[in-house]
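Novice: Using only what follows, build the 3D model:
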Amino acid sequence: MGRKVDWALKPKKGPGRKSRKQAEPTFPGLATADAGAKAFKRKKALNHRPSKFPRKEVEQEKLQNDDEEYLNDEFDTENILKNYESFDDDDANDLDEDEDEESFNGKKVQVLSKDNVSDDELPFEKEAAKLLEKAKKRKEMSKAELLSQLANSEKFEFPEESEMNTYDISQVEHRIREVVSILLDFKNKKDQNRSRSEYTSLLLQDLCRYYGYNEFLMGRIMEIFSLGELLEALDASDTARPLTIRTNTLKSRRKELAQNLISRGVNLDPVGKWSKVGLVIYSSQVPIGATPEYLAGHYMIQGAASFLPVMALAPQENERILDMCCAPGGKSTHIAALMKNTGMLVANEFNKDRTKSIVGNFHRMGVKNSIVCCYDGRKLGEVMKGFDRVLLDAPCSGTGVVSKDASTKTQRDAKDIQRNSTKQKELIITAIDCLSASSKTGGYLVYSTCSILPDENEAVVNYALSRRNIKLVPTGLDFGSPGFTRFQEKRFHPSMNLTRRFYPHSHNMDGFYVAKFKKFSDMIPSSIIQNEKELQPDDCTEESRIEEERKPKKSTK
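Specialist: This is a model prediction of the structure:
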């Protein structure tokens with residue numbers, strides 16, 4: 001089947017492949033003189049033949065004209081900035097390298113230039129050297145132009161009073177970052193008519209407006225942190241810390257607890273290598289405070305920073321331990337778990353209403369070696385003494401946990417900080433008196449606060465060192481920033497670097513302070529006893545001042 005073909009109409013293509021005429025065979029061994037001459041001429045013609053793709057003279061002249069125009073014309077600043085957005089130190093180092101060397105497939109080869117090109121080199125190699133040199137000049141000129149533009153950029157101008165009163169959050173944020181950059185390089189970027197104090201006061205006002213602090217508290221924070229980490233610390237303080245839980249080793253183990261919570265749809269991880277009982281919760285399909293494991297007392301919802309004082313205290317079995325300010329009982333239950341329900345744990349709380357939560361947590365967590373009492377911590381030394389270890393988590397301003405209570409930004413002032421500092425000094429002296437220096441296993445005191453202010457931390461510790469026979473010892477914590485040995489015009493004890501500070505932006509936990517003491521003598525110098533009886537007005541508590549004012553004055557008649 002198919003079409004019929006008329007073979008008579010189909011043109012002939014010529015002779016077949018086999019019938020074509022072929023050249024006569026040649027034998028190299030029998031080559032004649034004429035054949036050798038012809039081969040030599042053919043080889044010579046091939047060597048001197050023109051290039052297959054010759055460059056036209058017009059194109060060469062055009063390229064040279066473009067290069068001259070590029071070097072002579074002014075640079076477009078916008079294009080330079082776009083082209084050099086990715087310019088970094090590595091590129092700058094590449095420009096400074098030897099111009100005669102260049103990497104090719106991991107090896108350094110020599111690049112031809114005017115200085116190292118000899119007359120014997122081929123023309124295209126000389127042309128390549130010229131092009132490389134021109135490209136390098138272009139880079140150098142572009143970089144110089146960019147730097148000059150940055151140097152001659154518009155300088156920062158102080159805002160007027162009308163601009164300060166207007167509340168534009170984006171404008172305030174931009175001004176904060178500009179002022180910080182000026183203060184970091186004040187010598188080169190400052191305005192000759194402005195002093196550093198003027199820039200600092202402007203920064204203080206903008207930070208108060210942007211973050212919502214009062215001027216006193218923001219001023220203290222600016223004194224603690226350097227300008228390089230100030231903004232990072234303020235941003236981290238406003239961010240909530242990750243939710244963490246502590247495994248109750250009296251009833252469970254961390255591995256078992258993690259498996260049970262994962263089966264309930266909880267996404268978690270160990271809190272870190274520094275803790276064997278902590279877990280951090282990322283997300284959960286069930287309420288963490290209402291799971292069967294929580295109700296059974298297998299874990300306690302507790303911040304990661306709250307683990308640190310108990311870890312520094314390092315309680316041992318069969319010891320007598322005092323927790324002076326224990327509500328709501330997270331640290332006390334941690335101490336009982338480390339003691340394995342042996343010995344005696346005295347949990348004291350000044351507020352009677354808060355003792356109910358302590359008792360409830362003790363029952364839920366299975367604590368059996370505890371005594372819950374309600375005393376003023378400053379008078380606890382008159383009731384009981386002779387403890388092996390004492391934990392004082394003193395009440396403070398809460399400047400390390402601003403994310404939990406935003407009212408701290410505006411409510412804390414100089415009087416409030418002074419009031420807290422005075423109360424903390426009285427509490428730490430009482431805690432030292434409750435310790436027994438003759439204890440075989442202990443005689444240790446751990447002082448901690450959730451504040452970052454030196455007035456409530458280093459100043460209180462320095463006061464205790466000067467009033468009792470104690471010394472600072474290492475806390476046993478492998479991380480954290482050392483305490484201040486000097487702050488502003490104040491000078492503290494040299495051993496203050498044994499204490500530890502924790503910040504939200506550095507350690508991803510609430511701001512905290514931990515100090516550990518060792519008591520080596522129960523004796524109190526007589527001079528100190530006499531000074532304590534004669535209280536100075538600055539050493540009096542706010543309650544004692546109020547009582548003095550309420551007393552009826554004697555009549556002068």
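
Novice: Counting by contacts, list what the helix or strand hosting Asp433 packs against.
Specialist: Under DSSP states H and E, the secondary-structure element containing Asp433 is helix 414-434. Secondary-structure packing of helix 414-434 (3 or more C-beta pairs under 8 Å, 6 or more residues apart in numbering; DSSP states H and E): strand 389-393, strand 444-449, helix 458-467. (C-beta placed from N, C-alpha, C; glycine too.)

Novice: ok, what's across the strand from Leu435?
Specialist: Note on Leu435: beta-bridge partners by DSSP bridges are Phe387.

Novice: Low-confidence stretches in this protein?
Specialist: Within the chain, the stretches with pLDDT under 70 are 1-121, 124, 146-157, 161-167, 526-527, 529-557.

Novice: Identify, by residue count, the longest helix of it.
Specialist: helix 123-151 (DSSP state H).

Novice: quick one on the thing from earlier: now the helix holding Asp433: buried residues?
Specialist: For helix 414-434, burial by neighbour count (16 or more other C-beta atoms under 10 Å) applies to 417, 419-434.

Novice: so Gly381 makes contact with Thr430?
Specialist: Yes. Counting by C-beta atoms under 8 Å, Gly381 touches Thr430, with 4.7 Å between them.

Novice: quick one: Ala515 is in a strand?
Specialist: Yes. According to DSSP: H, G, I helix; E, B strand; the rest coil, Ala515 belongs to a strand.

Novice: so how far is Tyr463 from it?
Specialist: Per C-beta to C-beta, to the nearest Å, Ala515 is found 12 Å from Tyr463.

Novice: who's more crowded, those two?
Specialist: More crowded of Ala515 and Tyr463, by other C-beta atoms under 10 Å: Ala515, with 29 against 18.

Novice: Name the nearest residue to the more buried one, sequence neighbours excluded.
Specialist: Excluding its sequence neighbours, the residue lying closest to Ala515 (C-beta to C-beta, 6 or more residues apart in numbering) is Thr499, at 4.1 Å.

Novice: try Pro309
Specialist: The shortest distance from Pro309 to any non-neighbouring residue, by C-beta to C-beta, 6+ apart, is to Ser448 (4.1 Å).

Novice: burial of that neighbour, as a residue count?
Specialist: Ser448, neighbours per other C-beta under 10 Å, totals 27.

Novice: okay but it is in contact with Val310, surely?
Specialist: No. Assessed by C-beta under 8 Å, Ser448 is found out of contact with Val310, at 9.4 Å.

Novice: circling back: which strands and helices lie in contact with the longest helix of the chain?
Specialist: When contacts are defined as 3+ C-beta pairs under 8 Å, 6+ apart, helix 123-151 packs onto helix 57-72, helix 77-83, helix 89-95.

Novice: again, only using 7 Å
Specialist: Counting contacts by 3 or more C-beta pairs under 7 Å, 6 or more residues apart in numbering; DSSP states H and E, helix 123-151 is packed against helix 77-83.

Novice: Next one: the closest residue to Glu319 other than its chain neighbours relative to Ser451, how far apart?
Specialist: Excluding the flanking residues, the one nearest Glu319 by C-beta to C-beta, 6+ apart is Asp388, at 4.2 Å. To Ser451, Asp388 is 27 Å away according to C-beta to C-beta.

Novice: Among the two, which residue is more densely surrounded?
Specialist: A count of neighbours by other C-beta under 10 Å puts Ser451 above the other of Asp388 and Ser451, at 26 against 21.

Novice: Can you pull the phi and psi angles for the nearest residue to the more buried one once chain neighbours are set aside?
Specialist: Excluding its sequence neighbours, the residue lying closest to Ser451 (C-beta to C-beta, 6+ apart) is Cys396, at 4.1 Å. Dihedral pair for Cys396: phi -150, psi -170, per degrees, to the nearest 10.

Novice: Cys396: what's it in contact with?
Specialist: 420, 449-451, 456 (C-beta atoms under 7 Å, 6 or more residues apart in numbering).

Novice: Could you identify the most distant pair in these?
Specialist: Greatest spatial distance in the contacts of Cys396: Asn420 and Cys450, 11.5 Å, computed using C-beta to C-beta.

Novice: List the contacts of Ala459.
Specialist: Ala459 makes contact with Ser421, according to C-beta under 7 Å, 6+ apart.

Novice: and with 10 Å instead?
Specialist: With contact taken as C-beta atoms under 10 Å, 6 or more residues apart in numbering, Ala459 is in contact with 421, 424-425, 453, 484, 487, 490, 492.

Novice: so which of those comes closest to Met300?
Specialist: Using C-beta to C-beta, Gln424 comes nearest to Met300 of those, at 25.6 Å.

Novice: Pipe the helices and strands packed on helix 414-434 into TSV and attach distance to Ile288 per row.
Specialist: Shown next, in TSV, are these (distance: least, C-beta to C-beta, whole Å):
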stretch	distance to Ile288
strand 389-393	23
strand 444-449	25
helix 458-467	35
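
Novice: thought Arg412 was touching Glu215?
Specialist: No. With contact taken as C-beta atoms under 10 Å, Arg412 and Glu215 are classed as non-touching, separated by 11.5 Å.

Novice: And those two? Which one has more around it.
Specialist: For Arg412 versus Glu215, the count of surrounding residues by other C-beta under 10 Å is larger for Arg412: 23 against 13.

Novice: how close does the more buried one get to Ala327?
Specialist: Distance, Arg412 to Ala327, using C-beta to C-beta: 21 Å.

Novice: Over to Cys370: give its phi and psi.
Specialist: Actually, residue 370 is Ser. It isn't Cys. Main-chain torsions, Ser370, degrees, to the nearest 10: phi -110, psi 160.

Novice: Helix or strand: which one has Asn260?
Specialist: Element membership of Asn260 [criterion: DSSP H and E] is helix 254-263.

Novice: Any buried residues in the helix or strand following that helix, and which?
Specialist: Downstream of helix 254-263, the next assigned helix or strand under DSSP H and E is strand 266-270. Neighbour counts over strand 266-270 (16+ other C-beta under 10 Å) mark 266, 268 as buried.
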